[in-house]
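**Q** Here's my sequence, what's the structure:
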Amino acid sequence: MRKPFIDQSYKLGILGGGQLGKMLCQSASRWGLHTHILDTSRDFPAGAVCDSFTEGNFKDFDDVVAFGQSMDAVTIEIESVNSDGLRALRDNGVIVHPSPESLDIIKDKGLQKAFYVEIGLPTASFELFDKKSEVQALVDSGKRNFPFVVKARRDGYDGRGVAMIRNQEDLDNCFDTPCLVEPLIDLELEISVVVARNIHGEIKSFPTVGMHFYPIANLVDYLYCPSGIGPSLESEAMQIAQAAIEGLDICGLLAVEMFVTSNGEILINEVAPRPHNSGHHTIEALSVSQFEQHIRGVVGLPLADPVLRSPAVMINILGSEGHTGDAIYQGITESLALGDVHIHLYGKQITKPFRKMGHSTILAPDLEQAIEKAKFVRDLIKVIS
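**A** Next up is the predicted model:
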């Protein structure tokens, strides 16, 4: 018989001990839920807050199975886990979300794109290639003009695995691995919708956020909510996100990143089946955080209604350019003195240029004030070595 969730012996296993794992553990602790982490070092952020930490490799079949077999439910904070290990756990009665089948699609951007086409979701046109020379040959034949975008099919995250090809010289930046090529979209805005689903088919969407990117590292500089895209596009974006999570048959969260083109079209870019950077503001700004909602979806609890309580801006706290070593934080005291500035430091001991070291959510009565204050905080806080 399946164990009731509200039970002091219920064990939630999380593959991955980074900042997302840490915040999942912090959310779960409110209910006294026992959290167990699998990753290669307890020095990672989640190691300081989980109930139990197992050193091992979440990419390894045996490590995943050995870790998960005593859990009631297993989920992830990163996609690059061993799917076969998750299948074995599920076959042995462990609740596993997201499903290994959905993970296999999401891990491969080529399979992702093909899936969107298959279920009728709007996305940019694309072509698939096995190696760099094939992309070069496409350009040489005149079948592809500059500019365009090349994306590695696997292992891309936080701006890695994406190359903008604007001229012949940029072709050197192509990946000599399986990749996809798509046109450079004329963008008005990049948006994200975090949507949740449980085993009963209940679906709840968080309000759309707008994203402003740091131009050098291709990382989110800040995001804001409400997104200001208007009721019609907001509804369309939520419908796309809901269709994606239903089509992939995912329980828990799915973060759906989308493009709003200059002519008002919405195109799905990529998804992540876990808590996401674009949902961090939900901890303070909404009636339920993305982390609690993910747990609800994974263990089969009713989903909460995500209601925006305040306009909010979230900024990533990144390692300063030119600094690698023991992390030293500047500007924290001054930022906290401003009021309604909520700082989350992930506990990473070593800083590197553009490494995500934390985030801050800034609340204000209106979005313009929140953005103004957030930019001030962004310039105040530095992570040096």
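**Q** Show me where the stretch 251-385 of the chain has its helices.
**A** Along the stretch 251-385 of the chain, counting by DSSP state H, counting those that start in this stretch, helices occupy 282-285, 290-299, 332-336, 367-380.
**Q** Select, out of those helices, the one closest to residue 240.
**A** Residue 240 lies closest, by Cβ to Cβ, to one member of these: helix 290-299, at 18.1 Å. C-beta here means a position set from N, CA and C on the backbone, and glycine is covered the same way.
**Q** Give me the average confidence score over that closest one.
**A** Taken as a whole, helix 290-299 carries a mean pLDDT of 97.
**Q** Stretch 314-321 now?
**A** Mean pLDDT, stretch 314-321: 96.
**Q** was I right about residue 10 contacting residue 33?
**A** Yes: using Cβ atoms under 8 Å, residue 10 is in contact with residue 33, at 6.0 Å.
**Q** Give me the more crowded residue out of the two.
**A** Shown here are residue 10 and residue 33; by other Cβ atoms under 10 Å, residue 33 has more neighbours (22 against 18).
**Q** I'd like to know how many residues surround residue 32.
**A** For residue 32, the tally of surrounding residues (other Cβ under 10 Å) stands at 11.
**Q** My guess is it contacts residue 8. True?
**A** Yes: assessed by Cβ under 8 Å, residue 32 is found in contact with residue 8 at 6.1 Å.
**Q** any common contacting residues for the two?
**A** With Cβ atoms under 8 Å, 6 or more residues apart in numbering applied, the contact sets of residue 32 and residue 8 do not overlap.
**Q** can you name the farthest residue from the center of the protein?
**A** No residue in the chain sits farther from the centre than residue 141, which is 37.1 Å out by Cα atoms, centre = their mean.
**Q** Under the pLDDT cut-off, which ranges of the stretch 101-250 of the chain? List them.
**A** Counting by pLDDT under 70, the stretch 101-250 of the chain contains low-confidence residues at 158-159, 215-218.
**Q** which residues in it form strands?
**A** 127-129, 148-152, 162-165, 179-183, 187-197, 203-205, 209-214, 219-225 (DSSP state E, counting those that start in this stretch).
**Q** got the CA positions of the fifth one in CSV?
**A** What follows is strand 187-197, C-alpha atoms only, in CSV (Å, rounded to 0.1, in the frame of the first residue of the first chain):
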residue,chain,number,x,y,z
LEU,A,187,12.4,38.8,-30.9
GLU,A,188,10.3,41.2,-29.0
LEU,A,189,10.7,39.3,-25.7
GLU,A,190,11.6,36.0,-24.1
ILE,A,191,9.1,34.7,-21.6
SER,A,192,8.7,31.7,-19.4
VAL,A,193,5.7,29.9,-17.9
VAL,A,194,6.2,27.5,-15.1
VAL,A,195,3.3,25.0,-15.1
ALA,A,196,2.6,22.1,-12.7
ARG,A,197,0.6,18.9,-13.0
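**Q** Show me what counts as buried in that strand.
**A** Neighbour-count burial for strand 187-197 flags 189-197 (criterion: 16 or more other Cβ atoms under 10 Å).
**Q** quick one: which of those residues is nearest residue 347?
**A** For the buried residues of strand 187-197, the nearest to residue 347 is residue 194 (23.6 Å; Cβ to Cβ).
**Q** Turn the helices of the stretch 251-385 of the chain into CSV, columns for distance to residue 357.
**A** Converted to CSV, the helices of the stretch 251-385 of the chain look like this (distance: least, Cβ to Cβ, whole Å):
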stretch, distance to residue 357
helix 282-285, 17
helix 290-299, 19
helix 332-336, 11
helix 367-380, 13
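**Q** Any idea which of those gets closest to residue 311?
**A** Of those, the one closest to residue 311 (Cβ to Cβ) turns out to be helix 367-380, at 4.3 Å.
**Q** So for the residue most central in space within the chain, what's the nearest residue that isn't a sequence neighbour?
**A** In the chain, the C-alpha nearest the mean C-alpha coordinate belongs to residue 276, at 2.9 Å (Cα atoms, centre = their mean). Excluding the flanking residues, the one nearest residue 276 by Cβ to Cβ, 6 or more residues apart in numbering is residue 255, at 3.3 Å.
**Q** from memory the one you found sits against residue 271, does it?
**A** Yes: counting by Cβ under 8 Å, residue 271 is a contact partner of residue 255 at 6.4 Å.
**Q** neighbour-wise, which of the two wins?
**A** More crowded of residue 255 and residue 271, by other Cβ under 10 Å: residue 271, with 28 against 24.
**Q** List the residues that contact the closest residue to that one other than its chain neighbours.
**A** In space, and not counting its chain neighbours, residue 271 is closest to residue 256: 5.1 Å by Cβ to Cβ, 6+ apart. By Cβ under 8 Å, 6+ apart, the contact list for residue 256 reads 192-195, 237, 240-241, 244-245, 268, 271.
**Q** Equivalent analysis for residue 70, please.
**A** residue 11.
**Q** Distance of it relative to residue 112?
**A** Separation of residue 70 from residue 112 (Cβ to Cβ, to the nearest Å) stands at 33 Å.
**Q** cool, residue 278 as well?
**A** Counting by Cβ to Cβ, the gap from residue 278 to residue 112 is 17 Å.
**Q** Looking at those two, which one has more neighbours?
**A** Neighbours were counted for residue 278 and for residue 112 using other Cβ under 10 Å; residue 278 has more, 26 against 23.
**Q** and the more buried one, what is it in contact with?
**A** Here residue 278 is in contact with 192, 194, 209, 211, 220, 223, 255, 257 (Cβ under 8 Å, 6+ apart).
**Q** and of the residues you listed, the nearest to residue 296?
**A** Nearest to residue 296 among the contacts of residue 278 is residue 194, at 13.1 Å by Cβ to Cβ.
**Q** Dump the contacts of residue 256 into TSV; add distance to residue 300 as well.
**A** Putting these into TSV (distance: Cβ to Cβ, whole Å) gives the following:
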residue	distance to residue 300
192	25
193	22
194	19
195	17
237	27
240	25
241	21
244	21
245	15
268	27
271	22
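**Q** ok, so of these, who is nearest residue 107?
**A** For these, the nearest to residue 107 is residue 271 (11.0 Å; Cβ to Cβ).
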